[in-house]
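J.: Generate coordinates for the sequence data below:
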Amino acid sequence: MRIHIVDDDPFFLRLLGHQLTDLGFIDWAVFDQPQFALQAMENRAQWPDLVFLDLQMPGMDGVEVLRNLASLNYAGRLILMSGTEDRILRTANRVANSRGLHVTDVLRKPIEQERLKEILAAAAPMEQATRPPLAMSFGPDELWQAIYGDELVVHYQPKVDIHHGSLVGVEALVRWMHPEQGLVYPDRFIEPAESCGLMDELTMRVLRTALRDCHKWHDEGLDVSVAVNISASNLNVLGFPDVVQHLAREAGVEVGSLCLELTESMLAKDLMVSLDILTRLRLKGAGLSIDDFGTGHSSLGQLLQAPFNELKLDRSFVTGASEDMSKRAILEASLRMAKKLGMRSVAEGVETRKDWDLMKALGCDLVQGYFVSRPMPADQLLHWRAQWQDQGS
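T.: Next comes the predicted model:
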């Protein structure tokens, strides 16, 4: 794994460099001025997999660096660092995420060796760090071919009961096996698909595939539910619940085995139409999950009006929360609310044993993340379940 360290403090640069070497990482470089780091990244072939970035630097500060990394379409991982207050660190994290950057963790300096080891273990296998950047956007013809030419593939990330360790469901995550670019991840084609008006077609393709795979798992004795992300455009179609019911019957699966995930901000567009559709989905037996809870723009009053039965905690609050009292406070409040409303809670972004232990202590119901498993093809789930059970987690 190639690592860059960007910090104006010579002592910290030496310290972190020694720590990385002690942990067996030898491909790292230090930059005491962010301009030099950005110049080194102008050649995409030399992009690092992981960047440690100090936020508080003279001249060009860390937020300015984030802006420049976003303009380069940097696709690797970031660890944000500073000696400043936690609230500033969290806000910088949100700035990075809003610009499409991928933050593994947000840390106060100095970094303890054991904590550094955990972070690097979680960051090393990340899909984002290893995928090649795409230099072009995709047009409607290519996207149409992807959807109707069977170029889309669906991988599944397990969701497990944190108290018993049992597999209870999976989340469907779409990928595109592009004939020239190879495996393309959704952050590269979802926005173009929305712009081209193809999100309904894409969602239907993923739904159909996920339900078909769910039927196969049930036949193999694997009693799991499947969660599928829907788009804002689905909440404009009053007949969407009937389409979902038809697709479930077509696949031979009960609608109750399906959970539809949507973000808070989707409700802000046309609340009454959304409530009409969501209520009918629940009446037909589908589960409804608020995805990325805490990052949207809807009011709490709007959320309480909708018939959600699952609250999904955003990874930005979950990952590393054992070391961040502010994150923990948000999680505690969210979990208390979910419990009082009778909603099942799911934590995404559980990357380490500390994340797992904290979510268990706080009473979360289900978890998913790289500590449990990376997303996998449908035919690997049965084997993964057997291995997971053998671990006794």
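J.: mind listing what's buried in the helix or strand harbouring residue 191?
T.: Element membership of residue 191, judged by DSSP states H and E, is helix 190-195. Neighbour-count burial for helix 190-195 flags 190, 193 (criterion: 16 or more other C-beta atoms under 10 Å). Bear in mind the C-beta positions are built from the backbone N, C-alpha and C, glycine included.
J.: repeat for stretch 147-164
T.: Here stretch 147-164 shows 147, 151-152, 154-160, 162 as buried, counting by 16+ other C-beta under 10 Å.
J.: Among those residues, which lie within helices?
T.: Among the buried residues of stretch 147-164, DSSP state H puts residue 147 in helices.
J.: which residues touch residue 35?
T.: For residue 35, the contacting residues are 59-60, by C-beta atoms under 8 Å, 6 or more residues apart in numbering.
J.: returning to that earlier point: next step: the buried residues of stretch 147-164 restricted to strands.
T.: The subset of those located in strands under the criterion DSSP state E comprises 152, 154-160.
J.: related to what we said a few turns ago, any chance of JSON lines for the buried residues of stretch 147-164, columns pLDDT and distance to residue 247?
T.: Listed next are the buried residues of stretch 147-164 as JSON lines, based on pLDDT from 0 to 100; distance: C-beta to C-beta, whole Å:
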{"residue": "147", "pLDDT": "90", "distance to residue 247": "15"}
{"residue": "151", "pLDDT": "91", "distance to residue 247": "20"}
{"residue": "152", "pLDDT": "93", "distance to residue 247": "16"}
{"residue": "154", "pLDDT": "95", "distance to residue 247": "14"}
{"residue": "155", "pLDDT": "96", "distance to residue 247": "19"}
{"residue": "156", "pLDDT": "97", "distance to residue 247": "17"}
{"residue": "157", "pLDDT": "96", "distance to residue 247": "21"}
{"residue": "158", "pLDDT": "97", "distance to residue 247": "23"}
{"residue": "159", "pLDDT": "97", "distance to residue 247": "21"}
{"residue": "160", "pLDDT": "97", "distance to residue 247": "26"}
{"residue": "162", "pLDDT": "95", "distance to residue 247": "30"}
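J.: quick check, nearest of the buried residues of stretch 147-164 to residue 346?
T.: Nearest to residue 346 among the buried residues of stretch 147-164 is residue 159, at 6.4 Å by C-beta to C-beta.
J.: The closest one bridge partners, please.
T.: When bridges are called by DSSP bridges, residue 159 pairs up with residue 169.
J.: Wait, it touches residue 166, no?
T.: No - between residue 159 and residue 166 there is no contact under C-beta atoms under 8 Å: 10.3 Å.
J.: and the closest residue to residue 113 other than its chain neighbours, what element?
T.: Distances taken as C-beta to C-beta, 6 or more residues apart in numbering place residue 19 nearest to residue 113, at 5.8 Å, with adjacent residues excluded. Assigned by DSSP H and E, residue 19 falls within helix 10-22.
J.: Against which helices or strands is that helix packed?
T.: Packed against helix 10-22 by the contact rule (3 or more C-beta pairs under 8 Å, 6 or more residues apart in numbering; DSSP states H and E) you find strand 3-6, strand 28-31, helix 113-123.
J.: which of the residues in the first one are buried?
T.: Buried residues in strand 3-6, counting neighbours by 16+ other C-beta under 10 Å, are found at 3-6.
J.: Settle this for me: residue 217 is touching residue 224, isn't it.
T.: Yes - the criterion here is C-beta under 8 Å, and residue 217 meets it with residue 224 at 5.7 Å.
J.: In terms of packing, which of those two has more residues around it?
T.: When neighbours are counted by other C-beta atoms under 10 Å, residue 217 and residue 224 differ, and residue 217 comes out ahead with 23 against 19.
J.: That one and residue 76, how far apart?
T.: According to C-beta to C-beta, to the nearest Å, residue 217 stands 34 Å off from residue 76.
J.: same check, this time on residue 159
T.: Taking C-beta to C-beta, one finds residue 159 at 27 Å from residue 76.
J.: Which stretches in the stretch 1-150 of the chain count as helices?
T.: According to DSSP state H, counting those that start in this stretch, the stretch 1-150 of the chain carries its helices in the segments 10-22, 34-40, 62-71, 86-98, 113-123, 127-130, 140-148.
J.: do you know which of those helices lies nearest residue 359?
T.: Across the helices of the stretch 1-150 of the chain, residue 359 has its closest neighbour in helix 113-123 (15.0 Å, C-beta to C-beta).
J.: for the closest residue to residue 370 other than its chain neighbours, what are its contacts?
T.: Residue nearest to residue 370 in three dimensions, not counting chain neighbours: residue 351, with 5.1 Å by C-beta to C-beta, 6+ apart. By C-beta under 8 Å, 6+ apart, the contact list for residue 351 reads 104, 122, 319-320, 369-371.
J.: In strands only, show me these.
T.: Among the contacts of residue 351, DSSP E puts residue 104 in strands.
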